[in-house]
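Enquirer: Model the structure of this input:
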Amino acid sequence: TIRHLNEQLAAMQRRCNALEHMLMQRQQGMVDATGLEEAVSVSRVAMDQYNRIRQDYRTLLSRRAQAVVHTASANKTAKKVVVDLQHRLEREMEERETEAALYNARLYDSEQKESD
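Expert: Model prediction:
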């Protein structure tokens, strides 16, 4: 299941990268507006799917980690490692969300400058 989610996640990231490339071409006048509108529409669907997949992946990881932590047969070291990994994952997710927000703000500023 994790492999399948990772494959879908990678596909969504490739689609987002392709859209960014088309957007840059549009800003340079290399792509017509109709193609861009279609790409944006497809991208919205892909982004929704990506967000759903990402949430499913996080939920699955969390469930598996909690199963290890709450298993009586797991030793203390294994439980501590899992808890530490959970904390690292949470910090990394927060960092990525911050980076994404910064990237989106920069992209918005760039689009505003282009439209002016």
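Enquirer: What is the burial count for Ala46?
Expert: The tally of other residues near Ala46 (other CB atoms under 10 Å) stands at 19. All C-beta atoms are positioned from the backbone trio N, CA, C, and that covers glycine.
Enquirer: go on, Val69?
Expert: Neighbours of Val69 under the rule other CB under 10 Å: 14.
Enquirer: I'd assumed Val83 was in contact with it.
Expert: Yes - in this structure, Val69 sits in contact with Val83. The criterion is CB atoms under 8 Å, and the distance is 6.3 Å.
Enquirer: what distance separates the helix or strand harbouring Lys113 from the centre of its chain?
Expert: Assigned by DSSP states H and E, Lys113 falls within helix 76-115. Put simply, helix 76-115 sits 9 Å off its chain's centre (CA atoms, centre = their mean, to the nearest Å).
Enquirer: which strands and helices sit next to that helix?
Expert: Counting contacts by 3 or more CB pairs under 8 Å, 6 or more residues apart in numbering; DSSP states H and E, the secondary-structure elements packed against helix 76-115 are helix 33-69.
Enquirer: Lovely, talk soon.
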